[in-house]
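Undergrad: pasting the structure only:
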């Protein structure tokens, strides 16, 4: 398992307490759903699925305790206690979900960033007469260190432990849930089924991905000036006017005195 963050490590005994007393009350359906989310976010080696849910229960308990404490100190015995109690309890239960989604989004962005280079290496190797397995291993040896390379290394390990290439690639697509990966796996499986040469097909796919990457970069470059308008209006312009107007106002005040 991957090491825990420092803050979570400090409260881990509390999580283990809930793990011991409330672990048997979690349904298999909820555990399976949470496991799929952790796999997509790349957190399956960070924390087990049951302990992830028990960590949520622990944070809910802490939030409810703080809600009761703050409410009674601020309002005494009042109906407002229920509002604070409910809001803090909801935050304690749901706060981990945006973090998991953020990890999933960051992971997908990094995979999409390095995916064109992966396709280029695989295409070049296949056009040179190498097999797809050898091309994938070449990317593991010479590719840039990234999340995509780690996932490809998992594919290689699956194939070395006895899984078929089709099964390993399908697990790869299900694990990442990335659109580019799904399209790549679909192309490979279709070429194997129809007996078509993989090199020319991947060459067209590589050119298409290169065009899409250029268009995406161009779109982001065109959106950059629009995103700068709000900081300019809210921050830069007022500060500029203050700097210009300050000596003028001081001079006027001195003259009037």
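TA: Now that the structure is in, tell me what you want to look at. Quantities reported herein were computed from a predicted structural model and do not represent experimental measurements.

Undergrad: Report the buried residues of the strand or helix carrying residue 247.
TA: If you go by DSSP states H and E, residue 247 is part of helix 237-256. By neighbour count with 16 or more other Cβ atoms under 10 Å, helix 237-256 contains no buried residues. In short, each C-beta sits where N, CA and C put it, glycine included.

Undergrad: go on, stretch 65-74?
TA: For stretch 65-74, a neighbour-count test (16+ other Cβ under 10 Å) marks 67, 71 as buried.

Undergrad: Give me the distance from it to the chain's centre.
TA: Relative to the chain's own centre, stretch 65-74 is displaced by 34 Å; criterion: Cα atoms, centre = their mean, to the nearest Å.

Undergrad: can you check stretch 97-114 too?
TA: Between the centre of stretch 97-114 and the centre of its chain there are 2 Å (Cα atoms, centre = their mean).

Undergrad: Ok, stretch 108-122 next?
TA: 16 Å.

Undergrad: Run through who's touching that stretch.
TA: Applying Cβ atoms under 8 Å, 6 or more residues apart in numbering, the contact partners of stretch 108-122 are 132, 135-136, 138-139, 142-144, 146-149, 151-152, 176-178, 180-181, 184, 202, 205-206, 209-210, 213.

Undergrad: For it, the averaged confidence score.
TA: For stretch 108-122, mean pLDDT is 85.

Undergrad: what does stretch 243-251 give?
TA: 85.

Undergrad: Residues contacting it from elsewhere in the structure, which ones?
TA: By Cβ under 8 Å, 6+ apart, no surrounding residue is in contact with stretch 243-251.

Undergrad: residue boundaries of the helices in the stretch 101-250 of the chain?
TA: For the stretch 101-250 of the chain, the helices defined by DSSP state H, counting those that start in this stretch occupy 132-142, 147-160, 165-176, 179-194, 198-231, 237-256.

Undergrad: When you filter the contacts of stretch 108-122 down to buried only, what's left?
TA: Buried by 16+ other Cβ under 10 Å: 132, 135-136, 139, 143, 146-149, 151-152, 176-178, 180-181, 184, 202, 205-206, 209, out of the contacts of stretch 108-122.

Undergrad: still on that earlier bit, could you check the angle the helix holding residue 247 makes with helix 198-231?
TA: 20 degrees (axes from the mean of the first three to the mean of the last three Cα atoms, to 10 degrees).

Undergrad: Can you point out the buried residues in stretch 126-136?
TA: 126, 130, 132, 135, 136.

Undergrad: Burial check on residue 170, number of neighbours?
TA: 16 (other Cβ atoms under 10 Å).

Undergrad: Can you tell me how far it is from residue 188?
TA: According to Cβ to Cβ, to the nearest Å, residue 170 stands 10 Å off from residue 188.

Undergrad: on that earlier part again, is it possible to export the helices of the stretch 101-250 of the chain to CSV including distance to residue 103?
TA: Compiled in CSV, the helices of the stretch 101-250 of the chain are given as follows (distance: least, Cβ to Cβ, whole Å):
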stretch, distance to residue 103
helix 132-142, 23
helix 147-160, 11
helix 165-176, 13
helix 179-194, 17
helix 198-231, 22
helix 237-256, 36
